[in-house]
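Visitor: Need a 3D model of the sequence below.
(2 chains)
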There are 2 protein chains.
Amino acid sequence: MPAFSRFTALAQSLPPTVPFVGPETQERARGESFIARLGANESGFGPAPSVIQTITREAELCWRYGDSESHDLRHALAAHLGLGADNLVVGEGIDGLLGLLARLIVEPGTSVVTSLGAYPTFNFHVSGFGGKLVTVPYREDREDLDALLAAARREDAALVYLSNPDNPMGTWHSADDIVAFARALPETTLLALDEAYGETAPAAALPEIATLADMPNVLRFRTFSKAYGLAGQRVGYVIGVAETVSMFHRVRNHFGVNRLGQSAALAALADQAWLADVVDRVVKARDRISAIGRSHGFKPIPSATNFVTLDCGAGVERAKMILDELAKRGVFIRMPSVAPLNRCIRVSTGPEAELAIFESILAEVMTDIG
Amino acid sequence: MPAFSRFTALAQSLPPTVPFVGPETQERARGESFIARLGANESGFGPAPSVIQTITREAELCWRYGDSESHDLRHALAAHLGLGADNLVVGEGIDGLLGLLARLIVEPGTSVVTSLGAYPTFNFHVSGFGGKLVTVPYREDREDLDALLAAARREDAALVYLSNPDNPMGTWHSADDIVAFARALPETTLLALDEAYGETAPAAALPEIATLADMPNVLRFRTFSKAYGLAGQRVGYVIGVAETVSMFHRVRNHFGVNRLGQSAALAALADQAWLADVVDRVVKARDRISAIGRSHGFKPIPSATNFVTLDCGAGVERAKMILDELAKRGVFIRMPSVAPLNRCIRVSTGPEAELAIFESILAEVMTDIG
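Guide: Purely as a prediction, here's the structure:
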């Protein structure tokens, strides 16, 4: 049967592909659950017990819509960051907020700059609004600030995406370099600075809030999905100049942030001791993954995130074979999507039990594939 | 400070207004919580205990992203409805799905038909994509099928919205009339049939799934927010021809449906005994609200939803005064937004304790305002 005939030309032109195949989809395809889930940069350390208690306690109130202003969470974040509440908007994860940002800025033909191999979901949203994606190669496994800046200027880009620390490579730039990059951009280019992995980064990698707080063309995206361990709850937020941030209110789904997500995020923010403990464990797990990689001759790329990208030392075929063989044996990891990054595999940090499975299955795989 | 200078002309043209002011916003303004929450058509009867147990049991897994395909829920819904899983897409509530629909169909200038005073969030999404809203008055407090059809034809509308049962009036059309309306529409007009309140409607008001299942230009929107008692969890779904439904995958936020929402909805669907019990209680509560209204000379409008709209017998000023006085005293209700519907107040069903508060405070208010 044909589809409805009158979708917009743009909608009809979009490919039916998805940015990521989820682990559950892969599990259904293989007919079995994974025994180690180390591919989606979730936090296997989980959210704080205090957060789980909050969810449990408030579950019976889930018949109520969530607060349309995420007031309590927004104010708690503002206090935590030393900002005004109107410098923040809470949304359905960074993914949802990037979609709104694309909608606010991108029209058919609008130039948008990102790194080749950076976050596919950002690209999905930009393409979804007809934007023209201009990509810049990574340089030495880091996003190339000079090249991004040059491309933004050359293309008169309305939007440039930068993740710091970076996904999928785990690398980072110093706060000073990020600030210099932001200040060098034309005022007509908005910087979407994705700091999803900010909590696990060294302090020197994250610009102080104040350093970018006066820039109408900078928005910083953060999330409770990574170090806070709440990927399933879908809560992210944007930080920026109030006038810029307020544009989200014109298009966002006002009752879209689920109620337990708001409560969970608020509880997570309040439990900074748990966060600090998780960050410690992430740092140790990065070392552990690096050591496992080295034992097979892989080169671990220094990481400021909750994952480690391991350079397998050959091309995409080798990396893909390792990934596929791990998956066949029940270990879910991912790998970058484009050359030369795709000589690597990417392994999320997690509890020792899962890392030990990774270690032992990887050893099997490497023996088998020789 | 000025905002970023390069938002799209469309984004800059949008008003900063919101479709609904949430009850929490009102509570903050009044400095006190409501003692009866009967305004948002949530289900004060709550979700099933089995659902709360599910949320509690699975809370510790909320560090995992939700399944990007909502596979289990989608397949359970398909089995429940006698459809294929590819006839369904699950999204972040009907609100989120209506936003995606607007994006897929509406461009600046696209004509969209709805009823004057119908769902503001639909209008928000249509306007947000630059659509030209054409509104048709209600007739005798029902959406006017003949006039909607005439407007859709006259305006060459790409999209027409119809809620059955209706919000904010609670009225409904027969399944036969809905099917006849859908079949009479041009093939180039998509019918967004909002059945958010379908579970509380008489069977004769809901077209059998098969009757519309062959129409590429019909999409039916349903939700777990109302009778299932999961408004805070943000889970809705669309039913339609697979080829039409599949367009949502090109623009939806694939990991956007939160994990506990999926689990909760699946558990709710499995507990049809609880749903039947809630529907019984909704029917009794409708009678109770109607009786309370009648005792003050209001005319209850027959309802197929989880609320009752009471005609206060005078104009908007009278209805607004009653609503405001109730709010001052801690009772949250709502009212329709435009004449002549706004001679009414709208009261959600809920447990007897809240209805008793409504009864007693309304009596105070009516005595005071004379």
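Visitor: can you count the residues close to A:H254?
Guide: 20 (other CB atoms under 10 Å in any protein chain shown). Where C-beta positions appear, they are placed from N, C-alpha and C, glycine not excepted.
Visitor: distance of it from chain B?
Guide: 5 Å (CB to the nearest CB, to the nearest Å).
Visitor: which residues touch A:Q233?
Guide: A:F224, A:S225, A:N258, A:L260, A:G261, A:A264, A:A265, B:C62, B:N258, B:R259, B:L260 (CB atoms under 8 Å, 6 or more residues apart in numbering or on different chains).
Visitor: one more time with 10 Å
Guide: A:Q233 makes contact with A:47, A:51, A:55, A:92-93, A:224-225, A:257-258, A:260-265, A:268, B:59, B:62-63, B:65-66, B:258-261, according to CB atoms under 10 Å, 6 or more residues apart in numbering or on different chains.
Visitor: Kindly report the same for A:A180.
Guide: A:L145, A:L149, A:H173, A:S174, A:P207.
Visitor: for those residues, which one is nearest chain B?
Guide: Taking CB to the nearest CB as the measure, A:L149 is the one of the contacts of A:A180 closest to chain B, at 17.0 Å.
Visitor: what about the closest one, distance to A:E208?
Guide: Between A:L149 and A:E208 the distance, using CB to CB, to the nearest Å, works out to 21 Å.
Visitor: Kindly identify which of the contacts of A:A180 also come near chain B.
Guide: Among those, no residue sits close to chain B (CB under 10 Å from any CB of the partner chain).
Visitor: which one of A:L149 and A:E208 has more residues nearby?
Guide: A:L149 (20 against 11).
Visitor: Give me the phi and psi angles of the more buried one.
Guide: phi -60, psi -50 (degrees, to the nearest 10).
Visitor: Now do the strands in the stretch 1-150 of chain A.
Guide: For the stretch 1-150 of chain A, the strands defined by DSSP state E, counting those that start in this stretch cover A:36-37, A:88-91, A:111-115, A:132-136.
Visitor: Tell me which of those strands sits nearest to chain B.
Guide: strand A:36-37 (7.2 Å).
Visitor: Need the residues that contact the closest one.
Guide: A:23, A:27, A:44, A:326, A:329-333, A:347-348, A:350-351, A:353-361, B:63-64.
Visitor: Within its sheet, name the partner strands of it and how each one runs.
Guide: Applying DSSP bridges, strand A:36-37 is found paired with strand A:331-332 (parallel).
Visitor: from the middle of its chain, how far away would the partner strand be?
Guide: 19 Å (CA atoms, centre = their mean, to the nearest Å).
Visitor: Show me which parts of the longest helix along chain A are buried, residue by residue.
Guide: In chain A, taking DSSP state H as the definition, the longest helix is helix A:272-294. By neighbour count on 16 or more other CB atoms under 10 Å in any protein chain shown, the buried set for helix A:272-294 is A:274-275, A:278-279, A:281-283, A:285-286, A:288-290, A:292-293.
Visitor: Going by distance to chain B, which of these wins?
Guide: Closest to chain B, out of all of those and judged by CB to the nearest CB, is A:V278, at 10.3 Å.
Visitor: any idea where the strands of the stretch 201-350 of chain A begin and end?
Guide: A:218-223, A:236-240, A:299-301, A:307-311, A:331-332, A:344-348.
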